[in-house]
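**Student:** Take this sequence and fold it.
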Amino acid sequence: MEICEVKKEGLKRYYKIKIEAKAITSKNSNRVDEIQKAARLPGFRPGKVPSSYLSKRFGGSITQETIDELVREASVKLIKDENLQMAAQPKIDIKEYKEGADLDYDFECEVLPEVKELEYSKVKLTNYVVKVPESEVDKQIELRISSLKTFKEVEDKKAEVRNGLGVTIDYEGSIGGELFEGGNSKGYQLEIGSKTFIDNFEEQLIGLKVGDHKKVKVKFPKEYHKAEFQGKAAVFEVDVKAVLEVVKPELDEEFAKKQGAKDIKEYKAKVREEIEGFYKKQVKEQFKKEFFDYVESKVDMELPTSMVDNEFNNLIAQFLNENGYKNEEEAGEKDAKKLKQTKKEYLTIAKRRVKVGILLSEIGKQQKVEVSDNEVMQALQAQMAGYPGNQADLLAYYQQNPQAMEYIRGPLLEEKVVDYIYGKVLLKDKELTIGQFQKIYN
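**Tutor:** A predicted model of the protein is given here:
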């Protein structure tokens, strides 16, 4: 076997590889001998089929298997000998092969860039410390109590709807005279003053009694989560079926014990711990974002185009799918300006993700950061908990698809590497209120 490096272009490497004819002939012969020992063909005794007959009948497929195997072996040897850190699968171009001749093929690949060791002492970031006041603990407790509320129908059929009471309603909504999906319900129980519905819907029910009908006019917020409703006026035909008393649990010792605490003091402490834990996770997410910003702007490295292209194409495919486009051509016909702007933004995102990914991977290797199979399984079990009734199918899918398992392992590895970085860079504490931090985090 002969290997010749043709050229280097950035991270791309080009080689020409020659496999001698005698290697192909020898391997073909050995393969024929193996087949002969096990061959059972009509007209021949087991193991007695002439090798010449096998070569004539199966020669083409045997040679193809030989070529595939020799090319694979030669390519693996090249990667090992040259210590090529592959960024993606190589491109192999086998030239036309004539029986009895040498085999020539081209090997083209792209390698990962050399990554300079991060100088942690120069990475100066903020460690946000979120102060949780007692009022926030009380607010969260009130929300939890409210989530456990029940409704009891008011006996007085002439009772009027007011703040603090509930109401059972049937409603049907329309926009521009057209009914819209999700805009109707029967027997819906609503607490007046809870701000569950949009705009001033609840306020317009105040003063109504059982049997009353009301045409409620509202306007969807401009930032409403469904784009087709944003800023649009709607009309709801509402019928009052019952006026309800809202029954909420009392914050007492019995309630605290039902929540797994020995008394109210311990319950409040548990709620505080959960809130603080929630914001610690968000602080870590903010650190990760700001560290990635640092990497994007301060860390210089050449990026493998194959990895950037792959990430970019995945982002575009997701964009097309989410917007209901069959392909880029259709997206361009509908809104060429938006497609152009989206592609520009996604290319920036793709480059950022690739750069960060390469750096984190290198730090992980240097520090021997690993994720055990047990940790992966625990994460999978946590994920499966959100799919009751389908857990067996989900588990079988991951067990049969090793690549899918890597999608679980990857984020776990990233978190471990980020934790390592968090403990190495220079952090300056900054105390913030919840409101101040949310403005930064959002």
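**Student:** for the stretch 251-400 of the chain, which spans come out with low pLDDT?
**Tutor:** Applying pLDDT under 70 to the stretch 251-400 of the chain flags no residue at all.
**Student:** ranges for the helices of it?
**Tutor:** In the stretch 251-400 of the chain, the helices defined using DSSP state H, counting those that start in this stretch lie at 253-258, 264-298, 305-322, 328-366, 373-384, 391-400.
**Student:** Mark out where each domain of the protein begins and ends.
**Tutor:** 2-110, 149-247, 255-302+367-441 (automatic domain parsing).
**Student:** returning to that earlier point: could the helices of the stretch 251-400 of the chain go into TSV alongside mean neighbour count and distance to Lys139?
**Tutor:** Any C-beta I mention is one placed from the backbone N, CA and C, and that applies to glycine too. Below are these laid out as TSV (neighbours: other CB atoms under 10 Å; distance: least, CB to CB, whole Å):
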stretch	mean neighbour count	distance to Lys139
helix 253-258	14	17
helix 264-298	15	10
helix 305-322	16	35
helix 328-366	15	36
helix 373-384	13	28
helix 391-400	12	35
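**Student:** For those, give me JSON lines that also has distance to Arg162.
**Tutor:** JSON lines is the format used below for the helices of the stretch 251-400 of the chain (distance: least, CB to CB, whole Å):
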{"stretch": "helix 253-258", "distance to Arg162": "26"}
{"stretch": "helix 264-298", "distance to Arg162": "30"}
{"stretch": "helix 305-322", "distance to Arg162": "43"}
{"stretch": "helix 328-366", "distance to Arg162": "47"}
{"stretch": "helix 373-384", "distance to Arg162": "44"}
{"stretch": "helix 391-400", "distance to Arg162": "46"}
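**Student:** related to what we said a few turns ago, nearest to Lys124, out of the domains of the chain?
**Tutor:** Of all those, it is domain 255-302+367-441 that lies closest to Lys124, at 4.7 Å by CB to CB.
**Student:** Strands of the stretch 51-200 of the chain, residue ranges please.
**Tutor:** Assigned by DSSP state E, counting those that start in this stretch, the stretch 51-200 of the chain shows strands spanning 91-94, 103-110, 124-131, 150-153, 165-175, 178-191.
**Student:** For Ala234, which of these is the nearest?
**Tutor:** strand 165-175 (5.0 Å).
**Student:** Distance-wise, check Ser297 relative to Lys368.
**Tutor:** If you measure Ser297 against Lys368 using CB to CB, to the nearest Å, the figure is 28 Å.
**Student:** and what of Ser61?
**Tutor:** Taken as CB to CB, the span from Ser61 to Lys368 is 45 Å.
**Student:** Those two: which has the busier surroundings?
**Tutor:** The neighbour count for Ser61 versus Lys368, taken as other CB atoms under 10 Å, is higher for Ser61 (10 against 6).
**Student:** Tell me the spacing between that one and Gln286.
**Tutor:** Distance of Ser61 to Gln286, computed by CB to CB: 59 Å.
**Student:** what's around Leu70, how many residues?
**Tutor:** Under the criterion other CB under 10 Å, the count of neighbours that Leu70 has is 19.
**Student:** With Lys186 instead?
**Tutor:** Quick note: Lys186 (other CB under 10 Å) scores 11 neighbours.
**Student:** The one 5 residues further on now?
**Tutor:** Around Glu191 there are 19 other residues, counting by other CB under 10 Å.
**Student:** so the nearest residue in space to it that is not next to it in sequence bridges to which residues?
**Tutor:** Excluding the flanking residues, the one nearest Glu191 by CB to CB, 6 or more residues apart in numbering is Gly166, at 4.9 Å. With DSSP bridges applied, Gly166 shows beta-bridge pairing to Glu191, Leu244.
**Student:** And Gly166, how far from Ile421?
**Tutor:** On the measure of CB to CB, Gly166 and Ile421 end up 51 Å apart.
**Student:** Those two: which has the busier surroundings?
**Tutor:** Gly166 (24 against 21).
**Student:** you'd agree the more buried one is up against Lys241?
**Tutor:** No. Contact criterion CB atoms under 8 Å: Gly166 and Lys241 do not qualify, at 11.3 Å.
**Student:** follow-up on the earlier one: let me know the pLDDT of the residue nearest to Glu191.
**Tutor:** On pLDDT, Gly166 comes in at 95.
**Student:** Could you pull up the residues touching it?
**Tutor:** Neighbouring residues of Gly166 by CB atoms under 8 Å, 6 or more residues apart in numbering: Phe151, Gln189, Leu190, Glu191, Ile192, Val243, Leu244, Glu245, Val246.
**Student:** top of the residues you listed by neighbour count?
**Tutor:** Greatest neighbour count in the contacts of Gly166, by other CB under 10 Å, goes to Val243: 25 neighbours.
**Student:** so Gly100 sits right up against Glu20, yeah?
**Tutor:** No. Gly100 lies out of contact with Glu20 (CB under 8 Å); the separation is 11.3 Å.
**Student:** Compare the two (neighbour count), which wins?
**Tutor:** Using other CB under 10 Å as the criterion, Gly100 and Glu20 rank with Glu20 on top: 14 against 9.
**Student:** Tell me who's in contact with that one.
**Tutor:** So Glu20 contacts Met1, Glu2, Asp102 (CB under 8 Å, 6+ apart).
**Student:** ok, now with 10 Å
**Tutor:** By CB atoms under 10 Å, 6 or more residues apart in numbering, the contact list for Glu20 reads Met1, Glu2, Ser26, Leu70, Ala101, Asp102, Leu103.
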